[in-house]
Structure formats: structure tokens, C-alpha cells
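A.B. asks: Fold the following and give me the result.
(one chain, ligands or ions: 1)
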Amino acid sequence: MSLYYEAAAILANPDKTGGSLVSRIYKKKDLKSSPGQVFALVAEASKWSLVLKDVIEKCRLLAEERKLTPILALLLTHDLLLAKNGVAAPATHVLKLAVTRHKARLGAEFTKARIRYGHATLAAFREAVNNGELDTEEDATQKAVRHPRWVRVNALKTTLEQQLSTTFAGFKEAKTLSEVLLAPRASKMYFRDPNIPNLLALPSKIELGRSSAYTSGQIIFQDKASCFPAYLLDLSQDDGDVIDGCAAPGNKTTHLAAIVSSQSNSRQNQRVIAFERDKVRTGTLQKMVKLASADKVVSVKGSSDFIAAKPGSDEFANVGAILLDPSCSGTGIVGRDDALKMHLPIPQAGADHAQKTSKNKKRKRGDETDTASEPAAVLDLDLDDSTPEETLMDGKLSERLTALSKFQLHILNHAMRFDAARKITYSTCSIHFEENEGVVFQALASTVARERGWKILKRERQVEGLKKWNVRGVWEEDKLSCVVDEETKKEVLQSCIRCDKGTEEGTMGFFVAALVRDDVPTSNGSTEVAVSKDDEWKGFSEDEAVQEMASTTTSVENDTKERKKKRRKEHK
Ligand SMILES: C[S@@+](CC[C@H](N)C(=O)[O-])C[C@H]1O[C@@H](n2cnc3c(N)ncnc32)[C@H](O)[C@@H]1O
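C.D. replies: Below is the predicted model of the structure:
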């Protein structure tokens, strides 16, 4: 019987353990049931939860059975009505009895629900549920802007063709992305992305999280937009080493590694150097790099601040390209469509009393059945840990954007100081001008850009797949303190790439631009953007200080002091 108690405890999550459902299950050390069994129970019960919640409430199960919490009631009712072998417990077990006593009524309510949903047989009902058709009632317009499951085939381990003939064998090739978006959400179909090599779009509820291709790192879940920065760098062997300045969890790092490896020959020893400031996220990065077999190419600089890296040092003398995807407001991130949703039954009058009474009694299994730790009526259960970053900052949006954009400009300016660097991509998963075009305009106007000859990579010089991408930079009036002439503005905005969320392109909200310079750095102006004198990062002011940025602030301030000292020396 530990299966139901263990699954209920993981779902109730009284200790507020972070991470995806899968990692929470696998991290639990003292599980008696197999993790696969717990996951299967939770995943199946979630799929049916909208129906079962209703069935349980109509039968007043929680009011009559004081041993049951909403989660336990849902899991047990699922197995009673839908599992091949029924409830996995001895016939006389107290929990099994708590549902089998009501089998006839639960069964009758379930049949009524099937008919209400318009399915003549249980098989048809199952198919609809497996296709995710019950989740929400969407009209065609909403379906057209669904978020697909983007899958990047990891060229370090496999090829697209190999994956199509194994993992995706039996899947139909769609001719357009909208075919995938409009199809039932678990349909076996894929669409080859026309912009990014080795990228597929699949319906959002396709269960791939436990496929061997995913668990062995042959395929990686990565939003289309998030594949733009590494691809936009358009790396060649001549570019030497590549820095990923803000790497965890490592989606773009492993993408860079795949691109670098695809063109390396035995004479070249191109490397990817991945910086990650945060200790915990460094762990995730290391795991991801290893799983993707990128460790032959990637050197992880864990718990290391990119801003503290010395641009002129021998270690980076061969760094020709830098990918910079710094912390941002994350406002472009879309809620994951593939996350499991578990709808829980609401206890009716009578149940409250019973559960309060039972709470006072000594519980055999501690918090497993404790209603006090029962969460809200719908549980959102994320299936994977590869979300770019959660940047939590307090305060008003405008203040947050000011603090973030100062930091972003500073880190971009730092990247422009690397002696051998000729290419940089700057990206965010933010929708705000301040963090995107605003940073790029200011970076182009900065002293370091002018001294070293950094310019925007114009659209016509961009890699083919992104040159043809039509969503481009936007302008917002009165957001910049520097003056930009109309021609430059037009050119820079055309060179910036945006992805909008909630459109028929199926992407998250995203921004990327590339800066480049020719081999010989120029000392005169390289851009017509009028220069703001105030292009220096001064660290976060006290009221802008945010927890997320704490460690950066210190090193940034030190770095700024050092540079000021150096400049004073130079001027003498
Ligand atoms: C937006 S996330 C990067 C997502 C990643 N590029 C990917 O695609 O998987 C930003 C990351 O940069 C890290 N970071 C922020 N400032 C940093 C700095 N100064 N040096 C190194 N890492 C930094 C954050 O801890 C966070 O993990």
C-alpha cells in the first residue's frame, strides 16, 4: 500500500521540495515503490483527474471516508475504475476498503461522465483522454497558438535521420507547424523546423520525458527561440574557442557544443567554455553537459562569475565568439503546456469535520495523509527541469527593468573587451524593450564598442535560417537617453531578432542580436548611435539590490573600480 501513500506524499510536497515531478520522485531516497510505478500512477491519474474529481465529488466520497485526502481519493479511484489490476493492495486494507465500498456508485457516476463527454465506449473515452482532449475547451483560434513540444536532436549523440527512424518511427510528418498545433495534443506527428537544423515540433502532450532518447540525452527539449543564439553565431573553425557566459541549465551550451563538434577536424581543438555563477545551477549544467556527451568539448567554469574573467588573459586568447544569455525578467517564458495538471476533488461539508478529527489522532505515516499539507485544487506538475531561469526580483516592474538592463549592459560591455572576440550574441527571454533593443543600442553606443569596432550583424549577413525570420526588433519611444538617428535605428532594428509568445510560430517570447567586428579593431566610431556618456555600470544602488543579483553586484563593483583605476593610470 505504500504506493498510494508515497505518491500522495510526493504530490502534497509538504517540504516544498523544488524541481520537476520526475526529479522529486527520483530524489526521494526511502521510496519502497519503484519510481517508475509512482510516476505512472501520478501521470495516469492526472490525465483523468478532471473526470475523476467530478465523480468523487458527486459520490461525496471525501465526506464519507475520513481516511481519504483529496489526493488519495483521486489516486485510489483512478486505480479502482481504470487500472488493469484495480487497487494495488490487499483486499482488506483500510484504504482499499475506503473506495471499494463505493465501487458501484463511483462506477455509475463514471459511466454518466463518459456519456456526458460524448463517448460510446470506454476505449473511445481513453483515446480522448490520452490525446489531452479533455484538458481545456479551446476554440480553433486558441489551438492555432498552442505551444508545441520543441525537440532538438542532439547531433553529439545521434542524427535526425536516426531519430526519425527510431524514437519517432510511426510518426507522421506534418507539412506545416499549424498541422501540429491543431492536432489532438498527443498525436504522433512532427514538423521539421525550417529555420533551425535538427529541430522538430511535436504536439505538446507527446510523452517523451521517459523515452530512452530523452533520458540518454539523444534528444533535448529546447524551445525554438532558445536555439537562435548558438545558431546565429554561425561558427566556423576560424572562430576558435567559444564562451557561454551565462550557461546553466545548459541548453545553449550543449547546442554550441554540437555545432562546434560538427565542424571540428583533428587539427582543430575548438572548445566551449561555460561560465555559471550559481552553485546549484552549476550542478544542473554539469549534469546536462555530461548527459548530452558535450563534456569532450565543454569546460564548465562552475560557480564562476563571467564578469570576473580577465578578457586579456592567455586562457581566453583563443576566444573568438561569445554567447551571452544573461539573467532577465523571464517575461517571455510560456507556461509549459506539457506540465501535468491534477484536478483535486473538493471536500464537502462533513468531510471537514472527519478530517479535522482524524488530524488530531496519531498518524501512522506522518504527513502522508495530512490534510493540512494538501495543496490547492489544481496541482501543476512540471515534467522537466530545463526551464531557462527563474529571476525573482521584488519591486515595481520599471525598477526591476532598470536594474536588470544595467546589469545586462554591463555584462555585454564586458564581453566586448575580449581581445580575440569577433562575434557575440546577446539574448534574453524577456519581452521588454529595456532588456532587449535598449541594451543593444546602448552597447553599440558605448566606449568599448567604439574603441574596438563592434557593430550590429546586419540582417543580410545573418545565417540563412535567421535571415528569413521575419519578426524583428521593435522601437519604443522615450525609453533611451541617447539619441539615435532614423537610419541607424531602422538598420539596428532590422538586425535584431524577436520571437513573440502566443503566436502561430509556437515560440516563447525571446530576443537575440549579434554584434560583430572586423579583424582590425578601429579606434574611431563604428556606429552612428549618439553616445550616451553614462554607459558605465555603477553596480546596483541599494534600493535596486536584489537577492538574485547579490553576488554579481560585488564582483561588478570590484571590476568597475579596477577598470577605473586602470583608466586613470592610462590617462596619466
Ligand atoms: C537565462 S539563464 C541562462 C540559460 C542558459 N543559457 C540556457 O539556455 O540553458 C542565466 C544564467 O546565467 C547565470 N549568471 C548570471 N550572471 C552571471 C555571471 N555574471 N556569470 C556567470 N553566470 C551568470 C545565472 O545564474 C543563470 O543560470
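
A.B. asks: got a list of what the residue in the chain positioned nearest to the ligand touches?
C.D. replies: Nearest residue of the chain to the ligand, counting by CB to the nearest ligand atom: residue 246, 3.0 Å away. (Each C-beta comes from the backbone N, C-alpha and C, glycine too.) Each residue near residue 246 by CB atoms under 8 Å, 6 or more residues apart in numbering is listed here: 275-277, 306, 324-327, 411.

A.B. asks: where does residue 482 land on pLDDT?
C.D. replies: On pLDDT, residue 482 comes in at 81.

A.B. asks: Now for it, which secondary structure element holds it?
C.D. replies: For residue 482, there is no host helix or strand (DSSP states H and E).

A.B. asks: again with residue 152
C.D. replies: strand 149-153.

A.B. asks: just residue 490 next, same as before
C.D. replies: Using DSSP H and E, residue 490 falls within helix 486-495.

A.B. asks: Show me what the strand holding residue 152 pairs with in its sheet, parallel or antiparallel.
C.D. replies: Each strand paired with strand 149-153, and its direction, by DSSP bridges: strand 199-202 (antiparallel), strand 219-221 (antiparallel).

A.B. asks: and it, does that touch the ligand?
C.D. replies: No. Legend: contact between strand 149-153 and the ligand by CB under 6 Å from any ligand atom is lacking; minimum distance shown is 11.2 Å.

A.B. asks: in the stretch 151-300 of the chain, which spans are strands?
C.D. replies: With DSSP state E, counting those that start in this stretch as the definition, the stretch 151-300 of the chain shows strands at residue ranges 172-173, 189-192, 199-202, 219-221, 241-244, 272-275, 298-301.

A.B. asks: How far does the fifth one sit from its chain's centre?
C.D. replies: Counting by CA atoms, centre = their mean, to the nearest Å, strand 241-244 is centred 22 Å from the centre of its parent chain.

A.B. asks: can you pull the buried residues of that strand?
C.D. replies: 241-244 (16 or more other CB atoms under 10 Å).

A.B. asks: any idea which of the contacts of residue 246 is closest to residue 38?
C.D. replies: residue 276 (31.0 Å; CB to CB).

A.B. asks: Surely that closest one is in contact with residue 248?
C.D. replies: Yes. Between residue 276 and residue 248 there is a contact under CB atoms under 8 Å: 4.3 Å.

A.B. asks: Now do the shared contacts for those two.
C.D. replies: With contacts defined as CB under 8 Å, 6+ apart, the residues adjacent to both residue 276 and residue 248 are 282, 285.

A.B. asks: Can you name the residues of the stretch 201-350 of the chain that neighbour the ligand?
C.D. replies: Looking at the ligand, the residues of the stretch 201-350 of the chain close enough under CB under 6 Å from any ligand atom are 226, 246-252, 275-278, 281, 305-307, 325-327.

A.B. asks: Quick check on the closest residue to residue 72 other than its chain neighbours: phi, psi?
C.D. replies: Ranked by CB to CB, 6 or more residues apart in numbering and with sequence neighbours excluded, the top spatial neighbour of residue 72 is residue 8, at 5.1 Å. Note on residue 8: backbone dihedrals following degrees, to the nearest 10 are phi -60, psi -40.

A.B. asks: what about residue 8, how many neighbours?
C.D. replies: Counted by other CB atoms under 10 Å, the residues lying close to residue 8 total 28.

A.B. asks: Tell me the predicted confidence for it.
C.D. replies: For residue 8, the pLDDT comes out at 92.

A.B. asks: how near is residue 220 to residue 214?
C.D. replies: 8 Å (CB to CB, to the nearest Å).

A.B. asks: Just want to know which of those two has more residues nearby.
C.D. replies: Shown here are residue 220 and residue 214; by other CB under 10 Å, residue 220 has more neighbours (27 against 18).

A.B. asks: which one is the more buried one nearest to, not counting chain neighbours?
C.D. replies: Per CB to CB, 6+ apart, closest to residue 220 is residue 152, 4.8 Å.

A.B. asks: Show the average pLDDT along the strand holding residue 152.
C.D. replies: The predicted model assigns strand 149-153 a mean pLDDT of 96.

A.B. asks: Please write out the alpha-carbon positions of it in PDB.
C.D. replies: C-alpha atoms of strand 149-153 as PDB (Å, rounded to 0.1, in the frame of the first residue of the first chain):
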ATOM      1  CA  ARG A 149       6.900  20.500 -27.700                       C
ATOM      2  CA  TRP A 150      10.100  21.600 -29.300                       C
ATOM      3  CA  VAL A 151      12.700  18.800 -29.600                       C
ATOM      4  CA  ARG A 152      16.300  19.400 -30.600                       C
ATOM      5  CA  VAL A 153      18.100  16.300 -31.800                       C
END
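
A.B. asks: List the contacts of the residue nearest to residue 220.
C.D. replies: 196, 198-200, 219-222, 227, 255.

A.B. asks: Could you give the bridge partners of it?
C.D. replies: The partner residues for residue 152, given DSSP bridges, come to residue 199, residue 220.

A.B. asks: quick revisit: could the strands paired with strand 149-153 go into CSV alongside distance to residue 62 and mean pLDDT?
C.D. replies: Output for those, formatted as CSV (distance: least, CB to CB, whole Å; pLDDT from 0 to 100):
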stretch, distance to residue 62, mean pLDDT
strand 199-202, 38, 97
strand 219-221, 36, 97
